[in-house]
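Colleague: need coordinates for the following:
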Amino acid sequence: MQLYLPIAEMSVNVFVLLGLGAAVGFVSGMFGIGGGFLMTPLLIFLGIPPAVAVATQTAQIVASSTTSALSALRRNALDVKLATLLTTGALVGTGLGVWFFAAVRRAGQLDLVIVLSYVTLFTVVGGLMLRESLKEFWSQRKGKARPRRRAGEHPAYLGLPLRMRFHRSHLYASAIPLLSISFFVGFAGAVLGIGGGFIMVPVLLYVFRVPTSIVVGTSQFQILWATMAALFLHAVANQAVDAVLALILILGGVFGAQFGARAGQYLRADLFRFLLALLILGVGVRFAVELVVRPTEPFSIAATGG
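Modeller: Below is the predicted model of the structure:
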């Protein structure tokens, strides 16, 4: 069943979009990563213009993150204080990201920026996560316990000024690195149409050592507010949000997120990290292939925006 998308100016199969929305929503609910890093590339591969894919995808992230955050809140798996601090930095980054998105689009370089950014971020983050996961698997197989941080011992960046205590996350750290990473996540999310959870989740896990049971809900809370701001700004400033496409993705995403959140409760922490690393690295490799494989249509004509 074909449906015309007014902003994307093309027809798509409704059932394909519903299936993609449900699948990505399931992954989002399971890993607490927003799902945008999967849906945006999939929409681009389907032929949706990158600008429309990035802007419209934020609506699906808002819907799936809302259900996942509410589920985490009911299970008491959310650090509200930490999530509020992360949201503050992400909102500032989101505003600057939307401005940068519009500037690059006017310059006609949006496609190149999106592809290069996906390759760089996903291969680096996924590769580092995979290395850490394999090291942990190997240590467990040899019977070596993961070394615990001693009392009073912490990296230098945690001891910077503006230190705050987050009781729910068992964390006492400076607000500066937390705000910095959340700013970057908000900026990248607005430019690439991703929730940023694929960055925030491993950072909270490996850098700040927040418990796995708290990471997912806290990440979803920050993703929710940052992408809500990105959706509004993209709709007002860039007029790139396709409401018809967004509605279809939301219907599928909300359905899948409910099952994903339940499935995530039964994942072991080490398996959780390993699967997430493979998922992120796989998307990065897929985009890297696009850079080296000769396209079927080497030349195309498209409007770069007014």
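Colleague: other residues contacting stretch 113-126?
Modeller: Identification of contacts with stretch 113-126 by C-beta atoms under 8 Å, 6 or more residues apart in numbering yields 37, 41, 44, 50, 54, 104, 188, 191-192, 198-199, 202, 277-285, 287-288, 290-291. C-beta coordinates here come from the backbone N, C-alpha and C atoms, glycine included.
Colleague: now those residues: which count as buried?
Modeller: 37, 41, 44, 50, 54, 104, 188, 191-192, 198-199, 202, 277, 279-281, 283-284, 287-288 (16 or more other C-beta atoms under 10 Å).
Colleague: from those residues, which land in helices?
Modeller: 37, 41, 44, 50, 54, 104, 188, 191-192, 198-199, 202, 277, 279-281, 283-284, 287-288 (DSSP state H).
Colleague: how close does the closest residue in space to residue 97 that isn't next to it in sequence get to residue 252?
Modeller: Of all residues not flanking residue 97 in the chain, residue 190 sits nearest, at 2.8 Å (C-beta to C-beta, 6 or more residues apart in numbering). Distance, residue 190 to residue 252, by C-beta to C-beta, to the nearest Å: 23 Å.
Colleague: show me the strands in the stretch 51-200 of the chain, by range?
Modeller: Assigned by DSSP state E, counting those that start in this stretch, the stretch 51-200 of the chain shows strands spanning 163-166, 171-174.
Colleague: buried stuff in the last one?
Modeller: The one in question is strand 171-174. Within strand 171-174, the residues that count as buried by 16+ other C-beta under 10 Å are 171, 173, 174.
Colleague: low-confidence regions, the protein specifically.
Modeller: Scanning the chain for pLDDT under 70 picks out the ranges 28-36, 64, 143-159, 257-258, 261-270, 272-273, 290-306.
Colleague: how about the helices in it?
Modeller: 14-31, 36-45, 50-74, 80-106, 110-141, 175-192, 197-202, 212-233, 243-264, 269-292.
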